[in-house]
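**Student:** Curious how this folds, go ahead:
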Amino acid sequence: MIVDPVTPLVYVSPYAWIFWVVFIYCYGSESAVMRRSRPTAGEQTDRGSMALILLAGMIGTLAAFAVAGMPAFILQHGQKFWFTGGIAALLAGSALRRHCWRVLGQYFTGNVKVASDQPVIQDGAYRWVRHPSYTGGMLMYLGTGLAMTNWLSVVIIAVLTSLAYVYRVHVEERALAGRIGTPYEDYMRRTKRFIPFVF
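**Tutor:** Sure thing, here's the model as predicted:
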């Protein structure tokens, strides 16, 4: 099939089918987990961070789709490469998120909530970074933008959601360090936030 170089692959069959199957699979799983992980009762330490992530994700995704067809911003060279990379990033981010849900178990909550007996989780991906679940989330959004093969879509969705996650991490780390104390502060000194040995 000959693909029009100024048409995003997410609008061209069979790429559109691939994109939507992966998109629904990954984000559908997110919705299911979030429904099971409703905010817990008690001290409110979330400071609106979860709402901000959801809002940034919704606005970023809608805006990314809105500009995806603008010819001036389409990644015309290597469209299939960027599309495939985006799908791979979306799946990898979703897989990382699922791993984190399994590792955290009962300590995974939709809001920022620290249990009185909460340990410092250092199993799995948490051995390398403090917030691999958020790394996975940002990777999912980045992959969504890349799959649209439009660099403006990538910038919009990646920047909006990354800013929301950075705020969330600030709120969460403050709560964890305040409740757990020295063990978590030591953990913070040993690890990076999102990318092992880098950031």
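**Student:** Quick test: name the residue nearest the centre of this structure.
**Tutor:** Closest to where the C-alpha atoms of the chain average out (C-alpha atoms, centre = their mean) is Gly137, at 1.1 Å.
**Student:** Report the contact partners of that residue.
**Tutor:** In this structure, Gly137 makes contact with Ile53, Gly93, Arg97, Thr161, Tyr165, judged by C-beta atoms under 8 Å, 6 or more residues apart in numbering. (Glycine included, C-beta is placed from N, CA and C.)
**Student:** What strand or helix carries it?
**Tutor:** Taking DSSP states H and E as the definition, one finds Gly137 inside helix 132-147.
**Student:** which element follows that helix toward the C-terminus?
**Tutor:** helix 151-180.
**Student:** roughly how far out does that following helix sit from the chain middle?
**Tutor:** In terms of C-alpha atoms, centre = their mean, to the nearest Å, the centre of helix 151-180 is found 9 Å from the chain centre.
**Student:** Kindly report the same for stretch 173-182.
**Tutor:** Relative to the chain's own centre, stretch 173-182 is displaced by 23 Å; criterion: C-alpha atoms, centre = their mean.
**Student:** go on, stretch 52-64?
**Tutor:** Counting by C-alpha atoms, centre = their mean, stretch 52-64 comes out at 11 Å from the chain centroid.
**Student:** Same check on stretch 19-30?
**Tutor:** For stretch 19-30, the distance to the chain centre is 13 Å (C-alpha atoms, centre = their mean).
**Student:** cool, stretch 92-100 as well?
**Tutor:** 9 Å.
**Student:** Identify each buried residue in that stretch, please.
**Tutor:** Gly93, Ser94, Leu96, Arg97, Arg98, His99, Cys100 (16 or more other C-beta atoms under 10 Å).
**Student:** Okay, now the unreliable bits of this protein?
**Tutor:** Applying pLDDT under 70 to the chain flags residues 1-6, 32-46, 109-117.
**Student:** which stretches of it form helices?
**Tutor:** Under the criterion DSSP state H, the chain contains helices at 15-36, 49-67, 79-104, 132-147, 151-180, 182-190.
**Student:** how about these in TSV, adding distance to Phe73?
**Tutor:** Output for the helices of the chain, formatted as TSV (distance: least, C-beta to C-beta, whole Å):
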stretch	distance to Phe73
helix 15-36	18
helix 49-67	6
helix 79-104	12
helix 132-147	11
helix 151-180	4
helix 182-190	38
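**Student:** Let me know which of those helices is tucked in deepest.
**Tutor:** Of all those, helix 132-147 carries the top mean neighbour count, a mean of 25, counting by mean count of other C-beta atoms under 10 Å.
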